[in-house]
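*Asks:* need a 3D model of the sequence below.
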Amino acid sequence: MMWLAVVCAVAGAFFLAFGAQRQGSAVQNNTGGLALGGASFLRLLKNPRWVFGLVLLGAGMALNVVALTLGTLTVVQPIGAIALVITTIVNSRDQGIRLNRATVVAITCCVAGSALFVLMAVNVVAENTHVNTTQELTVVLLLAAVIILFGGALVLFKHRLKAFFYILGSGVLFGFVAVLTRIISKQIFDPNGLFLLNVQWYSVIAIAAAGGLGSWFVQSAYASGPPDLVIAGLTVIDPIVGIAIGIAILGELRDDVPPVVAIAMAGAAILAIVGVIALSRHHPDVVKQRAAAKKEQRK
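*Replies:* Model (predicted):
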């Protein structure tokens, strides 16, 4: 089952990559780099490129749900880094951007770190982890605090927020969405045969709230940054949050994990994070925007 989950996650990453690129370019053309508002969002609903991207994202998310049902958060979540490579290549060709060496190195770090983490995690996770009510409530209450934090910042400082805030917020929120998706899917397919009757109402409300706010953050990030940078943040921050919850709260890691493996997994995660930070500083679009901002200040 674990390797079937990996296959579904890889296929999902392809759909997510192309969907993100289509939506990212549509949002950029629609907003002109300005903050996303209600009127501009309504215009996006009539944009065929954005709608097609939404369909692709939906297919990718569906495959990811299957992967999370069959596998574990610790293995499935980091696989999304594949989407970063695909999005970067497709977006560079679509926008006529030539990738610089720093960007290539940064992307390599992201993907290599995530791939190494998955290869090690496959052999040290507990596949049949049962989530009890206390663990589920802990996740929901923690998510409520996160929604209040990011939602409050959005209300109070909306016009001062940069792309990185939206990338960070969406990554954290979708990390929780992944966790709750796995919990709910396990409840639906529980052998007791109760299906939807096993699902807790507070988890449904929590996943809807996190998914809604996270989706708005993603679209806002597209408005002020290149889609591959948005995907880079999501494919590193999202898995880190999901894996941290999976290990710390859901107990997905086996008790007999060798210290060397644990240290190596941490090193792989750090490598991926460093790649995202480097990409946010050296991506051609980011460099171009920074130069334009400096030129504007000199006037």
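*Asks:* contact partners of stretch 140-150?
*Replies:* Residues outside stretch 140-150 that contact it (C-beta atoms under 8 Å, 6 or more residues apart in numbering) are 169, 172-173, 176, 180, 202-203, 206, 209-210, 213, 217, 245. Heads up, the C-betas are built off the backbone N, CA and C, glycines and all.
*Asks:* TSV for these, including pLDDT, neighbour count and secondary structure?
*Replies:* TSV is the format used below for these (pLDDT from 0 to 100; neighbours: other C-beta atoms under 10 Å; DSSP: H, G, I helix; E, B strand; the rest coil):
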residue	pLDDT	neighbour count	secondary structure
Gly169	90	27	helix
Val172	91	23	helix
Leu173	93	28	helix
Phe176	93	26	helix
Leu180	92	23	helix
Tyr202	94	14	helix
Ser203	94	20	helix
Ala206	95	25	helix
Ala209	95	17	helix
Ala210	94	26	helix
Leu213	92	19	helix
Phe217	87	26	helix
Ile245	87	23	helix
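*Asks:* closest to Gln21 among those?
*Replies:* Top of the list for closeness to Gln21, among these and by C-beta to C-beta, is Phe217 at 17.8 Å.
*Asks:* the nearest residue to the closest one once chain neighbours are set aside: what's it in contact with?
*Replies:* The spatially closest residue to Phe217, leaving aside those adjacent along the chain, is Ser170, at 3.8 Å (C-beta to C-beta, 6 or more residues apart in numbering). If you count contacts by C-beta under 8 Å, 6+ apart, Ser170 has them with Gly214, Ser215, Phe217, Val218, Ala221, Val230, Gly233, Leu234, Asp238.
*Asks:* sort these by pLDDT and name the bottom one.
*Replies:* The lowest pLDDT within the contacts of Ser170 belongs to Gly233, which sits at 70.
*Asks:* what helix or strand does that residue sit in?
*Replies:* Secondary structure from DSSP states H and E places Gly233 in helix 227-248.
*Asks:* what comes up buried for whichever strand or helix holds Phe18?
*Replies:* Secondary structure assignment for Phe18, by DSSP H and E: helix 2-31. Of the residues in helix 2-31, 5-6, 8-9, 11-28, 30-31 count as buried by neighbour count, 16 or more other C-beta atoms under 10 Å.
*Asks:* what do you get for stretch 240-259?
*Replies:* Here stretch 240-259 shows Ile240, Val241, Gly242, Ile243, Ile245, Gly246, Ile247, Ile249, Leu250, Glu252, Leu253, Val257 as buried, counting by 16+ other C-beta under 10 Å.
*Asks:* which one is the first one nearest to, not counting chain neighbours?
*Replies:* Same thing as Ile240. Among residues not flanking Ile240 along the chain, Ala269 sits closest, at 6.4 Å (C-beta to C-beta, 6+ apart).
*Asks:* likewise the second one?
*Replies:* In this structure, Val241 finds its nearest non-sequential neighbour in Gly175, 2.6 Å apart by C-beta to C-beta, 6+ apart.
*Asks:* tell me who's in contact with that neighbour.
*Replies:* Gln77, Ile237, Asp238, Pro239, Ile240, Val241, Gly242, Ala244, Ile245.
*Asks:* good, wrapping up.
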